[in-house]
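In: Give me the fold of what follows.
(chains A, B, C, D and E, ligands or ions: 5)
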Amino acid sequence: MPSVSKRLATGIAIVAFAAVALAFPELAPNPYILSVGIVVLNYAVLSTSWNFVGGFTGYISLGHGALAGLGAYGTGLLVTKGGLPSFVALAAGAAIVAAIAIPIGYAALRVRGASFVIVSIALVLVTLLVFQSWASFTGGSRGLNVPRPFPGMLRPEHHRVFFYLFLALLAIALTVWWLIDRSRFGLGLKAIREDEDKAETLGTPTFAYKLVVFVVSAFFTGLAGGLYALWFGDLDPIFQFSILTGSYMVLMALLGGVRNLFGPLVGALIVGSALEYFKVEFGNTPLHLVATGVLLALVVLFMPDGVLPALGALLRRLSPTTETSIREVTAGEVAAIGGEPQHAQSRNG
Amino acid sequence: MPELELVDVQAGYGRAAPVLRGLSVAVPAGTIVCLVGPNGAGKSTVLKVASGLLAPRAGKILVGGVDVAGQGPQRMLANGVAHVLQGHSVFPEMTVAENVLLGAYTLKDKAVVGDRTEFVKSLFPVVADRWTSLAGLLSGGQQKQVEFARSLMVDPKVVLLDEPSMGLDPKATTTVFEQVVRMRDAGTAVLLVEQNARRALETADLGCVLDLGRVHISGPAAQLVADPQLAELYLGGRPAEPRP
Amino acid sequence: MRSLETVELTKAFGGNLVLDKTTVSFQHGKVNALIGPNGSGKTTFFNCVTGLIRPDSGRISYAGADITRRSPHAIARAGLGRTFQLCRVFPRMTVLDNVLAATRPRGVNLLRGAGGRKETDRARGWLTKLGIEHLAHAEARNLSWGQQKLLELAGVLMSEPETVLLDEPAGGVNPALLDRIGALVRDLNAEGRTFVIVEHNMDLVMSISDHIVVFDRGRPIAEGPPSLIRTDERVLGAYLGA
Amino acid sequence: MPSGALLFQSVILGLLLGGLYALLAAGLTLYFGIMRVVMIAHSAFLILAAYLAWWSHTELGIDPLLSMLVTVPLFFGCGVLLQRLLLARLRAVTLTMMSVLLTFAIAVVIEGLLGYVFSGTQRRIQLGYGSASLELFGGRIAVVKLIAFGLAGVALAALYLVMKKTTFGWALRATIQHRDAAKLVGIDTDRVAGFGFGLGLATAAIGGTALSLDTTIYPSLHWHWIGPLMAIIVVGGLGSVPGAAAAAMVLGLAQSLLQIELGTTWAQTVFYLALFLTLAIRPQGFFGGRLAQRF
Amino acid sequence: GDEPEEANNDGPIVVGISLPLTGDFSEPGKGVQRGYEAWAKITNDKGGLLGRQIELKILDDQSNADRVVADYEQLIGSDQVDIVVGPFSTRLVVPAARVAQEYGMLFVEPAGAAKEVFEQGFKNLFYAAPAVANDHYNHLAEYLLALPEGQKPTTVAYAAMDDPFAQGTAYGLKDKLEAAGVKTVVNEVYPPNTTDFSSIAAKIATSKADMLVGGSQYQDGVNLIVALQQLNYQPKLAAFSTAPTSPEFAAAIGNKTEGILSPTGYTQDAPYESNKEFVEKYTAQFGSPPEEDEANAYTTGQVVAAAITAAGCADQGECQQKLIDWVRTATVDTVVGPLSWDEAGRPKGAHMIQQWVGGEIKIVLPADAKESDLVYPKPAW
Ligand SMILES: Nc1ncnc2c1ncn2[C@@H]1O[C@H](COP(=O)(O)OP(=O)(O)OP(=O)(O)O)[C@@H](O)[C@H]1O
Ligand SMILES: Nc1ncnc2c1ncn2[C@@H]1O[C@H](COP(=O)(O)OP(=O)(O)OP(=O)(O)O)[C@@H](O)[C@H]1O
Ligand SMILES: CC(C)C[C@H](N)C(=O)O
Ligand SMILES: [Mg+2]
Ligand SMILES: [Mg+2]
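Out: Ligands and ions are numbered 1, 2, ... in the order given. Alright, predicted model coming up:
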């Protein structure tokens, strides 16, 4: 039960973020900064989508990169080969990814923990192989070029449009996550995260729950991938189906805090900007990899629950009022309470 | 001088409020001290502190008169303090054999290990019968038996037993209590935590009732069993009727 | 009327025959106990009944319906709730959420908000009855052994199963509380709940159960009211010990 | 229909490759099956060792095999430190999950540093005997591949003996399965866990050297290896060294034979097919090993 | 403020480039970098262009198509460079060219040889080298098909990286030979990140093909050759794209280079006078004579320079269109000879064929440019 002050704080934060986000295209000094903004938003959508599975069920997937890649290629191929209008293709592409996610989830969600991680990694590598080898259909290592949805539009304008598109997508993803989070469905998913067998014996159809949420996650991931394809235009299997993509999603979600609605977003803002910064900073060296790695390691070691929870804990330590909501009672008191609950209520002071 | 003595021990977990608030117990050699108390009173915590699994925040832990507070489990074992955990602490993916023999990890003398192995096999049939199967696949009670057997592989000066009879069937329970008595008679200092409180107190020499991390009352075990208030709050319903 | 019954239920692990053509039945609306030596197959029996492990052969039926190959959640929804011998709580949820997670949403309710006022009060009610209400906001993994045992009991009661299977509910629980748990079981039974209790604490078993089944090596060797069981030769030999 | 000569040659290559896979997978099995750590960085260390071998050959002109005299102890040390300083800090409950991310981070750092120091350029050791080969019933066995195979065999055997026959092996398994209980029987859990990790990395040093004899290396090459290796240890049954070895041999052979019909890329998918099949049919793996779903 | 301030016009001309300095293409990438640097230095020593100095702004894209786009985005959008020129290799050139196009910038590039480059409908792209990938082997094809029946190779094995350029070269030759009835016995495609060539080699070796054609960039070529040596395969003729012209090539395959063929757009002893200057000043600057990649970059610079001088401007905005229009119709004298382009930006020249003869790589085709006779069949490796 979040305290009033906490609610207020969150509210303000949301409004502030929304305002800045909406104004960003105007504030951005040049198209490049705007494009960076788009990349960061894309990360935010991706890691939020990832968090449907990772956050609720605790299944860590390093393979969501593959789903994004499928979304991208799906959209791209539907436009180039299927001749669909760009945004119809986007929707269709995401739908297809969701459909594909059903068998994938059916196979992968049967195993837990590390085995699942391995399967998810395998998913990326296998899709990479397929899209590299099946050149006749996918264009192989030469990549696939996705025609512009707004032909002739100059680049800065093009960026502005897509910035708002990504923003909208983010909003939708967050809303859905929030809905599930507060729902009984969500509670069931969290139970799975804690102890799957136990949840099962309490009557939760765990497999169905996992599968549903996995498909939802895949759908949003696919959308993000597809939108990226429309924006970026050039798809290359090596980068579409890379473990790094999936790992960035995990990193961001973890950094922000997987149990928080805005965790992945916060993570994306930090990591995304960091990545860009490292790129500019050590442009000519692979040190940006080192920096990323170190960042991830630090998070895992010192903030395993993420930034937001860490902040929360800090606040709680500063304000002793909320300290130990756990009363201590002797056997005597327990015995006394035992009979009539109403005492118990009155004792809650 | 008691073999094991805790003096004004304060202890707790992480940053949370203390669980033990200035608790003192003494366990003389050749004595069974029985620790009873409600769930969450801090009994297991006492044992963890005594065996070095949990460092006390304050207070003394004397083994043979020497303050060993803050030493880790390994040093404690070297000091002659052995601890059998509550719940289930077998090595699930190792065979019963490996589990039992690991009990003698610190023993170098092959002959001794051999004898002890035979002894525990004879005590607990399941150990002998399931010698080569993975401990994790045994039933709850069988696992407890294996654990207890493991603890019998060494003979320490002080034994800390955390509810050794939990989940055991009556026969095994009897065996366990017999062994506890045997240890005592062999001069070992035994600190016994039990929720099977009456039976435990009947076996023990001294009793000690713990509540909210403090000693509520302590004294000769027999005396505590007889106490009606204790019965109501800590030992359960009717005072013990002598069993057939 | 028969509530839970098995016919020739068989389960072997490797060479080790754990349930051997077990044919037993537990009485509806009664407090049944299932006792037997360590390793006699009680927990395995529960695992088979609740669908956590598949029996090799044999049939399980509940309230007339065959539930042999159903999935655990389906069985739970059919009205069988259980606890675990080695407690299984949701470690990183608060005690209160642990209990709330046991409420069983259906259909559209799935997307409705969790933990409504009514539910929360019911949950606290159970915690109070079991003497751990003061821990409502503690994380479950920080509870002591016995406290976790009690929490698990609260969970299964919250889910209001028609039949409750308890695997050693007394293990590690303070005797003073046991009397209360005993009374609680009796009350719930009076309200019409059926119980099947696996327990080694004979005082408890004998004082609360109407019907006792005794297992040995995966076979029922005796059935009947406490009075009979207490004096049954085979039971004394195999389990209680003279 | 491929010619007999081609089939035979492919079988030879497959077995040689399988041997290398076996060694590399063995290390992973150790961390994963026994220590519950998903060591994504294993193949990164592999590449690191390969680079060190390459470097000592090109810069110091010594035979890559000799570099093991340094790299093996060095990696053992690294392993101990890694475990003691980093992995030891992870909460036991979330160990498996978090170790994925932590070791992933390590892998990326190594990749980055390799790129920084040696640049992204592909490197290859130029050995006098690099293109030498022996004739065997018309088939050809490259000397370097044979050496790699030998190394793998020896290292595997050694590892197996240590784990199964020494008290260290016992202590390690005990430590992982119930740390407190292990402490209470007198095991120095920190030291043991550290050594366990060191052992794993030592195999990476040997594997890397073997690798460097006959392939090009570049910093991001480890991604190319981790996938098949992961698949192998699952198919082999997590935690079973012999299982991993067997699976490696079978899959290596399969890959090499499939390449005849399918070509290099499609052939690699055999690993993932095997992986998915295993999890569908026998999650605990085909060659012993248990409880795959559990951790 | 997107439009450049007036100050720009007498400050240096900033030329923005993204290059694969790390990753798959790092070797040739660095070559291209040297070429650009040589061009900037040589031009500046002669007083720069329009009285302005040339200043290179080089970013590293790690051979990564995503990064290359971000880089040009940054160069044009953020750093406001006046001119952009291309990276190395078709795979990066295509996305890069699109960014330039959408900012309306001229895009001359040193290494986008594959036909795909010219099928994207770019209006701003020009490939600054003599010929597109598919024509690289034209002279070799003519030579082989002219051989008397007995000698003409009858079976050929092809192995090409799945890369537009590498495949382009190999398949250009394949089409011509197959058309003339030369049998293809092996045709393998491998992804760029392949390191283990033993199974491909096994196929080629057991096929006993007379001739081997490798569509390679660099390392893949080396690896394939070593793998073939391990299997003791001895073809009558072996040709590889780009790899053999690389400085490290000989050592990498144990100096068993004798007779290996490779197409090239450039030779140090080319007669064009700008080339003499280039070779000598480059050698002075870097200590060793330039190879093809360096030359391609230098050529690119020459083309841009010519355009700037002709158009009399060099900054973003409408000037770029002037530059494009000029290049479209121009013929520019470069170190690889006079270059002109069709509407898609294709150069209209042809490549030469080089061969390792007596430990050196020499032009052997076409006859009029040859420095030595083609050795056929090739000696064992
Ligand atoms: N790991 C832990 N972190 C935080 N608090 C803990 C932890 N373990 C136990 N506690 C708290 O410390 C108190 C004492 O725990 P302890 O296990 O010593 O009780 P106990 O007397 O052994 O109870 P039981 O009879 O149920 O075993 C309990 O209130 C429990 O909530
Ligand atoms: N997963 C398993 N694999 C192999 N054997 C098993 C497995 N589970 C249980 N067993 C064996 O089945 C037998 C019965 O175990 P079970 O847990 O049912 O006994 P129990 O009656 O519950 O005993 P307890 O009173 O100690 O809980 C034991 O011998 C045990 O070793
Ligand atoms: C001739 C080469 C410089 C061409 C370049 N390798 C390409 O991929 O197009
Ligand atoms: Mg306890
Ligand atoms: Mg049991």
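
In: so residue E:299 makes contact with residue E:337?
Out: No: if you go by C-beta atoms under 8 Å, residue E:299 and residue E:337 don't touch, sitting 9.4 Å apart. In short, each C-beta sits where N, CA and C put it, glycine included.

In: of these two, who's got more company?
Out: residue E:299 (30 against 19; other C-beta atoms under 10 Å in any protein chain shown).

In: Assign the residue nearest to residue D:280 when sequence neighbours are not counted to helix, strand or coil.
Out: Residue nearest to residue D:280 in three dimensions, not counting chain neighbours: residue A:107, with 6.2 Å by C-beta to C-beta, 6 or more residues apart in numbering or on different chains. Of the three states, residue A:107 takes helix according to DSSP: H, G, I helix; E, B strand; the rest coil.

In: For residue A:107, which residues are in contact?
Out: A:119, D:276, D:279, D:280 (C-beta atoms under 8 Å, 6 or more residues apart in numbering or on different chains).

In: for residue C:22, same thing?
Out: Neighbours of residue C:22 in contact, by C-beta under 8 Å, 6+ apart: C:6, C:8, C:9, C:10, C:41, C:45, C:58, C:215, C:218, C:219, C:220.

In: same question, residue C:57
Out: C:8, C:9, C:10.

In: Reformat these as TSV; add pLDDT and neighbour count.
Out: Shown next, in TSV, are the contacts of residue C:57 (pLDDT from 0 to 100; neighbours: other C-beta atoms under 10 Å in any protein chain shown):
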residue	pLDDT	neighbour count
C:8	95	13
C:9	95	25
C:10	95	17
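
In: For ligand 4, see how far away the residue of chain C found nearest ligand 1 is.
Out: Nearest residue of chain C to ligand 1: residue C:146, at 2.6 Å (C-beta to the nearest ligand atom). Distance of residue C:146 to ligand 4, computed by C-beta to the ion, to the nearest Å: 7 Å.

In: Can you pull the poorly scored residue ranges out of the chain?
Out: If you meant another chain, say so; for now it's chain A. Residue ranges of chain A with pLDDT under 70: A:1-4, A:283-285, A:319-327, A:334-349.

In: meant chain D actually
Out: In chain D (pLDDT under 70), the answer is D:1-2, D:34, D:283-295.

In: Against residue E:343, how distant is the residue nearest the centre of chain B?
Out: In chain B, the residue lying closest to the centroid (C-alpha atoms, centre = their mean) is residue B:161, at 0.7 Å. From residue B:161 across to residue E:343, the span is 92 Å (C-beta to C-beta, to the nearest Å).

In: quick one: contacts of stretch B:111-126?
Out: B:100-101, B:104, B:107, B:127-128, B:131, B:138, B:142, B:145-146, B:148-149, B:152-153, B:172, B:175, B:179, C:38-39.

In: 7 Å - rerun?
Out: When contacts are defined by C-beta atoms under 7 Å, 6 or more residues apart in numbering or on different chains, stretch B:111-126 is touched by residues B:100, B:104, B:107, B:127, B:128, B:142, B:145, B:149, B:152, B:153, B:175, C:39.

In: same deal with stretch C:212-219?
Out: Taking C-beta under 7 Å, 6+ apart as the rule, stretch C:212-219 contacts C:17-20, C:22, C:24, C:32-37, C:40-42, C:205, C:220-224, C:226, C:229, C:235, C:238-239.

In: So the residue of chain E at minimum distance from ligand 3, which state does it fall into?
Out: Among the residues of chain E, residue E:165 lies closest to ligand 3, at 2.9 Å counting by C-beta to the nearest ligand atom. Secondary structure assignment for residue E:165 (three-state DSSP): helix.

In: who's in contact with the residue of chain C closest to ligand 1?
Out: B:39, B:40, B:195, C:172, C:173, C:174.

In: Just the pLDDT at the first one, thanks.
Out: Put plainly, it is residue B:39. At residue B:39, the predicted lDDT confidence score is 92.

In: Ramachandran coordinates for it?
Out: As for residue B:39, its main-chain torsions (degrees, to the nearest 10) stand at phi -70, psi 130.

In: All set now, cheers.
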